[in-house]
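Q: Please find the sequence and the predicted model below.
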Amino acid sequence: MRDTVAAWLAHAYTALGLLCAAAIFGLVVEGGDGAFRLAFAVMVAATLVDATDGWIARRARVGEVLPGFDGRRLDDLIDFQTYTCLPLALLWRAGVFPGADAAWLLVPLVASAYGFCQVAAKTDDHYFLGFPSYWNIVAFYLFVLRLRSPWPLAIVLALSVLTFVPTRYLYTTSAGRWSLVTNSLSAAWLASLVAILWWWSLSPRWLVVGSLAFPAYYMVASWAVTIRLSRRGNAPACADTARSPDRLH
């Protein structure tokens, strides 16, 4: 009985992401600078839940205790909303892609759907395969940096294309060679995001631009891993996602 309760509580913790998604949706519909600021804050909260629910699910042995309930599907449903649909909707609502340019947001939407449905989305050596649909991060920086056209469109299209390219990307919540360094840097990066959200329009430009160091590190380190492994002749073997409680994020 205790194991069953613990397993359901683990799933309930994952389901907190649904509450985050509902809150983000309401804030995006409301619109306005204050609402968008709060929406990004809730996205951070949703990401923290997603980063920790896999560990909790493994501790609770949810697959063994509740074999009839697939927590991966619940996780994927939530992630597709909080990492893709809602951040892209925010970009549209905030006018980052004005007028006819908004139609281009369908490209990352479709690319992300492709990525989420790939059986080989995660390799057995603990990497994502293809750009892992971090559109919440993309949306945050496109919003706060207010880049001029055509840079927002170029960035979104480039990252959409990378979803289809079988390049390895660091899987920060899984054990691996880069996990300690990456998780340490991500903690500092998270602190910078909290500071930006706190100060918002008063945030110094150097803080916003400086916080891009971690996403830049993530991309460069991921490509470096891909190059190193390709030189060694390592093929991107597919993980057994049927046993993985957290498939993409």
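A: Done, it's in. The structure displayed is predicted, hence computed values, not measured ones.
Q: Run the chain-centre distance for the lowest-mean-pLDDT helix or strand in the chain.
A: Of all the helices and strands that make up the chain, strand 127-129 has the lowest average by mean pLDDT, DSSP states H and E, namely a mean of 89. The chain centre lies 13 Å from the centre of strand 127-129; the measure is C-alpha atoms, centre = their mean, to the nearest Å.
Q: need the next SSE after that strand, C-terminal direction.
A: Counting by DSSP states H and E, the element after strand 127-129 in chain order, helix or strand, is helix 135-145.
Q: And the strands in the protein?
A: 127-129, 168-170 (DSSP state E).
Q: Need these in a markdown table (columns: mean neighbour count and distance to residue 209).
A: (C-beta placed from N, C-alpha, C; glycine too.) Compiled in a markdown table, the strands of the chain are given as follows (neighbours: other C-beta atoms under 10 Å; distance: least, C-beta to C-beta, whole Å):
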| stretch | mean neighbour count | distance to residue 209 |
| --- | --- | --- |
| strand 127-129 | 24 | 26 |
| strand 168-170 | 23 | 22 |
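Q: Which one, of those strands, ends up nearest to residue 142?
A: Smallest distance to residue 142 across these (C-beta to C-beta): 19.6 Å, for strand 168-170.
Q: Point out the other helices and strands that the closest one packs with.
A: Here strand 168-170 is seen to pack against strand 127-129, helix 213-231 when contacts are counted using 3 or more C-beta pairs under 8 Å, 6 or more residues apart in numbering; DSSP states H and E.
Q: want to throw the strands of the chain into CSV with distance to residue 110?
A: Below are the strands of the chain laid out as CSV (distance: least, C-beta to C-beta, whole Å):
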stretch, distance to residue 110
strand 127-129, 18
strand 168-170, 19
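Q: Which among the helices and strands packed on strand 168-170 is found nearest to residue 196?
A: helix 213-231 (12.6 Å).
Q: among the strands of the chain, which is nearest residue 189?
A: strand 168-170 (13.0 Å).
Q: Mind listing residues that contact that closest one?
A: By C-beta atoms under 8 Å, 6 or more residues apart in numbering, the residues outside strand 168-170 that reach it are 123, 127-132, 176, 178-179, 182, 218, 221-222, 225-226, 229, 236.
Q: and that strand, which strands flank it?
A: Its sheet considered, strand 168-170 pairs with strand 127-129 (antiparallel) by DSSP bridges.
Q: Next, the contact list for the nearest residue in space to residue 183 that is not next to it in sequence, please.
A: Spatial nearest neighbour of residue 183, excluding adjacent residues (C-beta to C-beta, 6 or more residues apart in numbering): residue 172 at 5.9 Å. By C-beta under 8 Å, 6+ apart, residue 172 lies in contact with 51, 179, 182-183, 186.
Q: Thanks a lot, see you next time.
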